[in-house]
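# can you look at this prediction? I've put the sequence above it.
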Amino acid sequence: MRAGSLAAVVVVAAALGGGAALGIGKGAGWLDQGTKTVVVRAQASQPGALPASATSKVPALSGKGFDPQRIFAQRSPGVVTIFAYFGDPASVDTEISQGSGFVTSAQGFILTNSHVITNAGGSQTVRAAEHVFVEFSDGDRIEAKVIGWDLYDDVGLIRVDSRRHKLSPVPLGESSAVVVGEPVAAIGSPLGNENSLSVGVVSAIHRSIDALTVNLYRVVDAIQTDAPITHGNSGGPLFDARGRVIGINAQIRSATGRGNDSGIGFAIPIDAAKNSVAQLIAKGRVTYAYVGITTDDMTPALARALGYQVDHGALIVDVKPNAPGDAAGLRGGDRQVDVLGIRDQSTGGDVIVEIDGQPIRRADDVVRIVSFSLKPNDVSVFTVIRDGRRRKIAVKVAERQLPTG
């Protein structure tokens, strides 16, 4: 995390609510009433497989117990401290970012957060650090090359010359298998204290959190942990009991915004990071589908209060003009009411209940499917409830663009 502006990368605790501003997203053109229209829907794409060059062949630790000492001994050689210089390293005026990272393959690929190796988080044009150095647990330091970054999921990828230092890759696990209560270990360089271990448990899963690196978008499926992490842990690995990386430590939240306060930590799910890495290696950038809608969770109580005849789904509260959702005919809310203690709750919009046959139970399901199962220019069928009737609306998704202004 950037030295000299540490407060900028601490997220102060706030009520997140049930809404989700979607990096995916009215009725003409696709399925007009009274017209028989045949839509040939593109098959939902799946995230690319992680290239072999970026994957560790190291097996998981054996056994069933949780042994932090063993995890540290086996995995700490693969965890690194990252120093990113935004300017001349010899100049005292150069801004320096310090974070953590971990080696994922013998070919020199290292995963971290995008906010460690770029200037993301402000309104300026995002750029990579001019110089990035990696320091290993033995104190040896070598320069790394920035391969790319994903601002939406706060994932950064760098690479070192594997001939310059012996590498100890760590294996990647599956964040989809993580459950609340399982023990975890975080290794990193909090406040510049290299090779530090902290332990705890997964305190929540499927958290929707604000992205530090880009406004308006949220990270879904973030892993919440009570393992103590602070400034400098950013980009470091969160290990499960078998010594597999299940997340990239990215954020802390506390009541005052000070990193030494008691707070909670969040990690980017490793499954999302794999998707980012696969695209960065294949084409040098990460793309996401875009619909241009904002949704809230539909719950049984909210449905009764608003007069909807569907208990679960994603209630569309806003459709951005000229976005794919608008062109396809998705309908957002047309008025606001105070209900169930919620002020200005939008109502009158469609409720999404399926996308390409996959059930939608809440707002985050829409983000998850559009972000990771669709690609730009796919045609996807949204099933919605409108005025008590079930409708199918075909949406040709576009490519998500960074906000401007």
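Perfect, thanks for sending it. Everything quoted here is computed from the prediction, not taken from an experiment.
# contact partners for the closest residue to T213 other than its chain neighbours?
Counting by C-beta to C-beta, 6 or more residues apart in numbering, T213 lies nearest to A120, which is 3.8 Å off, once chain neighbours are set aside. The C-beta positions use only the backbone N, C-alpha and C, and glycine is treated the same way. For A120, the contacting residues are S114, V126, W149, L151, L212, T213, V214, by C-beta atoms under 8 Å, 6 or more residues apart in numbering.
# and with 7 Å instead?
Contact analysis of A120 by C-beta atoms under 7 Å, 6 or more residues apart in numbering lists S114, V126, L151, T213.
# from these, which is closest to G341?
Nearest to G341, judged by C-beta to C-beta, of those is T213 at 32.5 Å.
# which of the helices or strands spans that closest one?
Using DSSP states H and E, T213 is not contained in any helix or strand.
# who does M298 form a beta bridge with?
Applying DSSP bridges to M298 yields these beta-bridge partners: G313.
# quick check, it in contact with Q309.
No - with contact defined as C-beta atoms under 7 Å, M298 does not reach Q309; the gap is 10.8 Å.
# those two - which one has more neighbours?
M298 (26 against 11; other C-beta atoms under 10 Å).
# ok, now how distant is that one from I360?
9 Å (C-beta to C-beta, to the nearest Å).
# picking that back up, how near is the residue nearest to T213 to V146?
For A120, the distance to V146 - C-beta to C-beta - is 12 Å.
# quick revisit: tell me the pLDDT of the residue nearest to T213.
Residue-level confidence at A120 comes out at 88, pLDDT.
# next: L402.
81.
# swap in Y217?
For Y217, the model assigns a pLDDT of 81.
# try the one 4 residues further on
The confidence metric pLDDT takes the value 92 at D221.
# quick check: it touching A267?
No - counting by C-beta under 7 Å, D221 stays clear of A267, with 10.2 Å between them.
# okay, these two: which has more neighbours?
The residue with more neighbours, out of D221 and A267, is A267; 30 against 23, by other C-beta under 10 Å.
# excluding its backbone neighbours, what's nearest that one?
In this structure, A267 finds its nearest non-sequential neighbour in G247, 2.9 Å apart by C-beta to C-beta, 6+ apart.
# likewise for V116?
Nearest one to V116, counting by C-beta to C-beta, 6+ apart, is G99 at 3.4 Å.
# for the one you found, helix, strand, or coil?
Following DSSP: H, G, I helix; E, B strand; the rest coil, G99 is assigned to strand.
# list the contacts for it?
M1, I82, T112, N113, V116, G232, S234, G235.
# for P51, state which of those residues is nearest.
Once C-beta to C-beta is applied, the member of the contacts of G99 that ends up nearest P51 is T112, at 17.8 Å.
# so how far is S56 from the nearest residue to that closest one once chain neighbours are set aside?
Excluding its sequence neighbours, the residue lying closest to T112 (C-beta to C-beta, 6+ apart) is G235, at 3.3 Å. Distance check for G235 against S56: by C-beta to C-beta, it reads 17 Å.
# any common contacting residues for M298 and I360?
In contact with both M298 and I360: G313, A314, using C-beta under 7 Å, 6+ apart.
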